[in-house]
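[1] Sequence first, predicted coordinates after that:
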Amino acid sequence: MPGNRAVIYKGPGDVAVETIDYPGLELKDGPGVNPANVGRQIPHGAILKVVASNICGSDQHMVRGRTTAPPGLALGHEITGEVAEVGRDVEFIKVGDLVSVPFNIACGRCVNCKEGKTGVCLNVNPDRPGSAYGYVDMGGWVGGQAEYALVPYADWNLLKFPDKDRALEKIRDLAMLSDIFPTGYHGAVTAGVGTGSAVYVAGAGPVGLAAATSAFLLGAAVVIVADLQKERLEQARSFGCETIDVSEGDPKDQIERILGVPEVDCAIDAVGFEAHGHGTDARSERPATVLNTVMDVTAAGGAVGIPGLYVTGDPGAADEAAKTGSLSIRLGLGWAKSLSFTTGQCPVMRYNRQLMQAILHDRTQIARNVNATVIPLDQAPQGYADFDKGAARKYVLDPHGLIK
């Protein structure tokens, strides 16, 4: 049986590549595993040889110490792999298949899964609805920034690529299907982006760039991306976005200079709870800033998609209220403008097959737009450090050297 090297959260600001157990078809005790999940049998699961596993901004929240993640947690929820083993109850997925893994684990059996709400499955996490690999308070499913990973309910969760050789040629793009591309697309869809839309995207990290890519795919006329990092804004401009440096002042004024009016049709919050202020407050954390801004700049009757992460526990928050996810948002403004809001995990399975087709048929260049950068598993700690400094890259870990 092969070993299994994985990226481990050691404590705030510290990750390391260490050897953990090779996955089996049973959920064992370990850091972050809910006791009610220990010993859970997975005859419906598959073990994957990981081809690609990406570093996500959501992982960075844990690594910065901004969640209650326990030391020893194996990280990684963006997984693409080759099936190495299947359980006795797996009927359709076969050994050798190349597959994408939705980051949200779903059973396919509960009422939410049957209604397509796979981000809030009721049966995989005893703590609350919804689950994910290698993430705090998500039931303890082992992360996939590793050589091998276990996926439960394989027939339901796994998206098989129809042509393995063709898929390997586009693996940098297809690796984005596990999370950020569907998540960005979900943000754009729930914001109501359509033909001719003027769209504001807060945040030029990978999810923000994926949301901007998705907005163009949905027919947007203008996509305005806002951020503090000049390198990230340059990356957004590289595929046709207008940009705003929020350190230079109120986004509303800058939107007016671009569009002639100080508002957009719809907006997407791709920043989340570690938001900073604007203008002179740009270097200070202001967790409600983005939510208030997107309400301010969105036209009455419009919609806001919120794929940016907000948490119920933030030990590093600037004030006591924010430590429990309580933010000073201007809900009255949103109500007065009749705005619609959509929050929560993206239900990846709602979009991943369609986005796979868009990639395979050259309708989108998501890897180029997010600047996908492949590194070996051993370089994961450096990748985390560079990403934390604001590198305009989406780091893709290649545990077995399979990405050409």
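    Here it is on my side, so go on.
[2] Give me the buried positions along stretch 204-216.
    Neighbour-count burial for stretch 204-216, with 16 or more other C-beta atoms under 10 Å as criterion, is recorded at 204-216. Just so you know, the C-beta spots here come from the backbone N, C-alpha and C atoms, and that holds for glycine as well.
[3] gap between it and the chain center?
    For stretch 204-216, the distance between its averaged C-alpha position and the chain's averaged C-alpha position is 11 Å (C-alpha atoms, centre = their mean, to the nearest Å).
[4] what does stretch 342-357 give?
    Relative to the mean C-alpha coordinate of its chain, stretch 342-357 is positioned 11 Å out (C-alpha atoms, centre = their mean).
[5] secondary structure class for the closest residue to Val136 other than its chain neighbours?
    Among residues not flanking Val136 along the chain, Ala69 sits closest, at 3.9 Å (C-beta to C-beta, 6 or more residues apart in numbering). Using DSSP: H, G, I helix; E, B strand; the rest coil, the secondary structure recorded for Ala69 is coil.
[6] same deal with Thr213?
    helix.
[7] who's in contact with it?
    The contact partners of Thr213, by C-beta atoms under 8 Å, 6 or more residues apart in numbering, come to Phe181, Gly184, Phe239, Thr364, Gln365, Ile366, Asn369, Val370.
[8] Do you know the pLDDT at it?
    According to the per-residue confidence, Thr213 scores 98 in pLDDT.
[9] And Ser247, by the same measure?
    Reported pLDDT for Ser247: 94.
[10] so where do the strands sit in the stretch 151-300 of the chain?
    Taking DSSP state E, counting those that start in this stretch as the test, the strands found in the stretch 151-300 of the chain are 159-160, 198-202, 222-227, 242-245, 264-269, 298-305.
[11] so who does Ala282 touch?
    Ala282 makes contact with Leu228, Val246, Ser247, His276 under the criterion C-beta under 8 Å, 6+ apart.
[12] Top of those by number of neighbours, please.
    Neighbour tally across the contacts of Ala282 (other C-beta atoms under 10 Å): the maximum, 24 neighbours, falls on Val246.
[13] still on that earlier bit, from the contacts of Thr213, pick the one nearest Gly134.
    Here the nearest of those to Gly134, counting by C-beta to C-beta, is Phe181; it sits at 19.1 Å.
[14] Tell me, how many residues neighbour the closest one?
    The burial count assigned to Phe181 is 34, neighbours taken as other C-beta under 10 Å.
[15] go on, Cys110?
    The number of residues packed near Cys110 is 17, by other C-beta under 10 Å.
[16] Now it: phi and psi?
    Main-chain torsions, Cys110, degrees, to the nearest 10: phi -80, psi 170.
[17] low-scoring stretches of the chain, by residue?
    When the per-residue scores of the chain are filtered using pLDDT under 70, the ranges that remain are 1.
[18] what residue of it is the furthest out?
    Gly260 (32.9 Å; C-alpha atoms, centre = their mean).
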